[in-house]
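Visitor: need a structure here:
(one chain, ligands or ions: 1)
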Amino acid sequence: MSILKVTRLGHPVLRQVTKAISVKELKSPAMQKFIDDMIETMKEYDGVGLAADQVFSSKQVAVLEVADNPRYPNKAKVPLTVLVNPKITPLSDEMAEDWEGCLSIPDLRGRVPRYTSIHVHALDRVGKKMDFIAHDFHARVIQHELDHLAGKVYLDRMRDFTTLTFLQEFARYWIGK
Ligand code: NI
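Guide: You can find the predicted model right below:
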């Protein structure tokens, strides 16, 4: 496995809409290795999720895992999940605001409104259909990653930029707010 370079905001690949992949391509050794590399890269940088376009591949693949994470402490755990060609539907109009950061937008964090409950349809890494409901931070992470796959970043979803903060100032002025 290898740790991949993570794109930063400004690289055009982050603004492209990613393409769905076929089950045949998904099952190829190259794609399976790429997924392993995505997982290793996410863990290396303490991410809770990573989308393929963040590592220069414009394909509909995302990985996520919420474990003991220093960037997001005290969050409910989510097992390691690979989402291929994912689609989401909100279960209601209810939204909540919470802090998000992004490995492609280093050192910043801001409050982003997201649906609190979503229905997720996707394939897993071997092409099996997945269908589940996600709530709260789990739903937030999935919405963040699916935005990447659609060429969007969390800044696009903020209501305004008054909460946009560097991590050092976050720890000093905003924590717990
Ligand atoms: Ni991100």
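Visitor: Would you agree residue 17 is in contact with residue 152?
Guide: No. Contact criterion Cβ atoms under 8 Å: residue 17 and residue 152 do not qualify, at 9.3 Å. (Glycine included, C-beta is placed from N, CA and C.)
Visitor: Settle it for me: which of these two has more neighbours?
Guide: Taking neighbours as other Cβ atoms under 10 Å, residue 17 and residue 152 compare with residue 152 leading, 16 against 11.
Visitor: part of a helix, is the more buried one?
Guide: No. Read with DSSP: H, G, I helix; E, B strand; the rest coil, residue 152 is coil and lies in no helix.
Visitor: Run a quick neighbour tally on the nearest residue to residue 105 once chain neighbours are set aside.
Guide: For residue 105, ignoring the flanking residues on the chain, the nearest one in space by Cβ to Cβ, 6 or more residues apart in numbering is residue 9 at 5.0 Å. By other Cβ under 10 Å, 13 other residues sit near residue 9.
Visitor: Just the CA atoms of the longest helix seen in the chain, as CSV, please.
Guide: Ordering each helix of the chain by length in residues (DSSP state H) puts helix 29-44 first. Output in CSV follows, covering the C-alpha atoms of helix 29-44 (Å, rounded to 0.1, in the frame of the first residue of the first chain):
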residue,chain,number,x,y,z
PRO,A,29,-6.5,-5.3,-9.1
ALA,A,30,-5.6,-1.7,-9.9
MET,A,31,-8.8,-0.4,-8.4
GLN,A,32,-8.6,-2.6,-5.4
LYS,A,33,-5.1,-1.4,-4.7
PHE,A,34,-6.3,2.2,-5.2
ILE,A,35,-9.0,1.7,-2.6
ASP,A,36,-6.4,0.3,-0.2
ASP,A,37,-4.2,3.3,-0.9
MET,A,38,-7.2,5.6,-0.2
ILE,A,39,-7.8,4.0,3.1
GLU,A,40,-4.2,4.2,4.1
THR,A,41,-4.0,7.9,3.0
MET,A,42,-7.1,8.8,5.0
LYS,A,43,-5.7,7.2,8.1
GLU,A,44,-2.3,8.7,7.7
